[in-house]
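my questions are about this predicted structure, shown below with the sequence.
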Amino acid sequence: MSPTMTRPSGSKRRIRPERRTRTDLIVSAVVVVVVVVIGAVVWWVSPSRHTEVDSAPVALQPLAEATAAPATLVPGWTAPSPVTPMPVVTESAVVTADGGSVVAHDPDDGSVLWSYRRNLPLCGVIAAYPSAPRVVAAYRNSRGCGEVTALRADDGRRSASRSSDADEQISLSTASDYVVAQGDSRLESWGSSLVRGVEYGRVSAPVQPNTQPRSGCRLQSSATGADDIAVVEQCPDESGYRLTVIAASQDKDGKVTQLGSRLITDGTAGPVPRVVAVSSGAVAVYRGGSPTATTGGPPATGPEIRVYGTDATLRSTHEVLGATDIPPNSIPVRSTSSDGQVALTVFTGSATVVLDPTALTPRYQIPGTLGPAVLMGSDLVVPGPSGITVVDPATGEQRRTITVSRPGYTGGTVGLTPIGTNIAAEYDGVVHMLRGSN
């Protein structure tokens, strides 16, 4: 009789190993290869792989503002910046934009303080959000100029990003807590975290119906101020140009809040009206005038700035010096001095008009200028034919002219932005640093 085999007390039952066939091994290998390939593809096409961030090692300190314009200005460094129509200046640096690179320079010697690069072309760069200073850069991808990054102005580190549908060309403007990006078919506003406030015009993926007051309109120009945005647009089946004023953020139901809208011209044959300024209660629109009248036709008119309420009702009309069309790279400039003075100016192509910052009515104009004016301490500085003219901000009286050379200047708009005791000047897509001394 064979002895009975017993398992020792407490021992575990052995589990026979799972048998794997050759097919199992091949399938497992294929899965691993697919995962690796997908990961490699994701990494290859990801924005991170095509982005270079060289941030400042320590936060840059704000420079002290000048108390007045300097006695003299001498040429310093230069850098290409074809993407910015006016000099972009933060509290600490001069920012240039070329190709896919955004670069912050030391205003004294032009050395690089921080930089941000992508393998996409830039559409626009602007300094914004004074309560939390940022440099906002919009890049163009297959969906238009909707690839946007906000960089901390003091060190160049990324603070926010967004990606959305956009037009192929956009213009950027800013006031208070919003940046507005406007193309020819749609407009968006972004807060400091780049969360969209309002979407106006063509909506790429409408979630709710009837959120837009109109559709199919061509957006001609826009500006923002306080919490409002003004747009001049040309809509289908309408005889003239329309002025529309909307809130910079949509209501709780996702609808555009329209404050006012009406036709402001009888036709579209003349110059296109252009929004030049928006305040909490008014909108200023530049009209380039009409040509010499024909027999029996309406009389010729000169250039005007028309002031409307936020309900789009005309309040006043003011004749000004100017070209038929404001130069496309002429950006209205609002500046504030350390003692609280505010100046709002617009270059009309042949003169600089200084507007009341609230009522938006013209205070005075400076003829024969080359660009908008900006405050520098107790002075207002404006580019003139032979240099930079220093003006009394209250009266417009010309105090003196600082002679400066403009190498390579071809006759376009000249933009000025002070930083410390220096002035950044931009023309023909190049920033020219002017170093001040007393």
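Here it is on my side, so go on.

switch to C-alpha atoms for all contacts and neighbour counts from now on
Fine.

low-confidence ranges in the stretch 251-400 of the chain?
290-300 (pLDDT under 70).

what count of nearby residues applies to the nearest residue to Thr67 once chain neighbours are set aside?
Excluding its sequence neighbours, the residue lying closest to Thr67 (C-alpha to C-alpha, 6 or more residues apart in numbering) is Gly377, at 4.1 Å. Counted by other C-alpha atoms under 10 Å, the residues lying close to Gly377 total 21.

pretty sure Gly377 contacts Pro70?
No - Gly377 lies out of contact with Pro70 (C-alpha atoms under 8 Å); the separation is 10.0 Å.

centre-most residue in the chain?
Leu172 (2.6 Å; C-alpha atoms, centre = their mean).

which of the residues in the helix or strand Pro75 falls within are buried?
Per DSSP states H and E, Pro75 falls inside strand 72-80. Neighbour-count burial for strand 72-80 flags Thr72, Leu73, Gly76, Trp77, Thr78, Ala79, Pro80 (criterion: 16 or more other C-alpha atoms under 10 Å).

residues in a beta bridge with the first one, which ones?
In this structure, Thr72 bridges to Ser437 when assessed by DSSP bridges.

related to what we said a few turns ago, which secondary structure elements does whatever helix or strand comes next after the strand holding Pro75 sit against?
Downstream of strand 72-80, the first helix or strand assigned by DSSP H and E is strand 88-89. Secondary-structure packing of strand 88-89 (3 or more C-alpha pairs under 8 Å, 6 or more residues apart in numbering; DSSP states H and E): strand 94-98, strand 122-128, strand 415-419.

partner strands of strand 88-89 and their direction?
Counting by DSSP bridges, strand 88-89 is paired with strand 94-98 (antiparallel).

between the partner strand and strand 72-80, how many degrees?
30 degrees (axes from the mean of the first three to the mean of the last three C-alpha atoms, to 10 degrees).

contacts for whichever helix or strand comes after strand 94-98, please.
The helix or strand immediately downstream of strand 94-98 is strand 101-105, counting by DSSP H and E. Outside strand 101-105, the residues that touch it by C-alpha atoms under 8 Å, 6 or more residues apart in numbering are 93-97, 111-118, 122, 137, 156.

what does the helix or strand following strand 101-105 rub up against?
The helix or strand immediately downstream of strand 101-105 is strand 112-118, counting by DSSP H and E. Under the criterion C-alpha under 8 Å, 6+ apart, residues 47, 50-56, 93, 100-106, 155-156 lie in contact with strand 112-118.

and stretch 137-151, by the same measure?
100, 102, 120-126, 134-136, 157-170, 192-194.

rerun at 7 Å
120-126, 134-136, 157-170 (C-alpha atoms under 7 Å, 6 or more residues apart in numbering).

how much space separates Ala277 from Asp311?
15 Å (C-alpha to C-alpha, to the nearest Å).

one more: Gly216?
Gly216 is 22 Å from Asp311, by C-alpha to C-alpha.

the more surrounded of these two?
Per other C-alpha under 10 Å, whichever of Gly216 and Asp311 has more neighbours is Asp311, with 18 against 12.

burial of the residue nearest to that one when sequence neighbours are not counted, as a residue count?
In this structure, Asp311 finds its nearest non-sequential neighbour in Gly260, 3.8 Å apart by C-alpha to C-alpha, 6+ apart. Here the count is done by other C-alpha under 10 Å, and Gly260 has 15 residues near it.

list the residues that contact Gly260.
Per C-alpha under 7 Å, 6+ apart, neighbours of Gly260: Thr244, Val245, Thr310, Asp311, Ala312.

also Tyr200?
Per C-alpha under 7 Å, 6+ apart, neighbours of Tyr200: Arg186, Leu187, Glu188, Gln212.

separation between it and Thr149?
Counting by C-alpha to C-alpha - Tyr200 and Thr149 are separated by 21 Å.

does the residue nearest to Asp311 fall in a helix, a strand, or a coil region?
strand (DSSP: H, G, I helix; E, B strand; the rest coil).

domain map for the protein?
67-86+329-438, 99-205, 212-328 (automatic domain parsing).

which of these sits closest to Leu60?
Comparison of the domains of the chain against Leu60 by C-alpha to C-alpha identifies domain 99-205 as nearest, at 4.9 Å.

once you drop chain neighbours, what's closest to Leu360?
Leu360 sits nearest to Ala284 (C-alpha to C-alpha, 6+ apart), 6.1 Å away.

quick one: contacts for that neighbour?
Counting by C-alpha under 7 Å, 6+ apart, Ala284 has contacts Val275, Val276, Ala277, Val278, Ile305, Arg306, Val307, Tyr308, Leu360.

now those in JSON lines, please, with extra columns for secondary structure.
Output for the contacts of Ala284, formatted as JSON lines (three-state DSSP):
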{"residue": "Val275", "secondary structure": "strand"}
{"residue": "Val276", "secondary structure": "strand"}
{"residue": "Ala277", "secondary structure": "strand"}
{"residue": "Val278", "secondary structure": "strand"}
{"residue": "Ile305", "secondary structure": "strand"}
{"residue": "Arg306", "secondary structure": "strand"}
{"residue": "Val307", "secondary structure": "strand"}
{"residue": "Tyr308", "secondary structure": "strand"}
{"residue": "Leu360", "secondary structure": "coil"}
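
which ChimeraX command selects the buried ones in the residues you listed?
For the buried members of the contacts of Ala284, the matching ChimeraX selection, counting by 16+ other C-alpha under 10 Å, is:
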select :275,276,277,278,305,306,307,308,360
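
and the contacts of Ala284 as a markdown table, adding distance to Gln250?
Shown next, in a markdown table, are the contacts of Ala284 (distance: C-alpha to C-alpha, whole Å):
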| residue | distance to Gln250 |
| --- | --- |
| Val275 | 21 |
| Val276 | 23 |
| Ala277 | 21 |
| Val278 | 18 |
| Ile305 | 29 |
| Arg306 | 27 |
| Val307 | 25 |
| Tyr308 | 22 |
| Leu360 | 26 |
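
which of the contacts of Ala284 lies closest to Lys252?
Val278 (24.2 Å).

so what's that closest one up against?
Ala223, Thr224, Gly225, Ala230, Ala284.

out of those residues, who's nearest Pro328?
Looking across the contacts of Val278 and measuring by C-alpha to C-alpha, the closest to Pro328 is Ala223, at 13.7 Å.

and the helix or strand hosting that closest one, how far out from the chain middle?
Following DSSP H and E, the helix or strand that holds Ala223 is strand 218-225. Here strand 218-225 is found 12 Å from its chain centre; the criterion is C-alpha atoms, centre = their mean, to the nearest Å.
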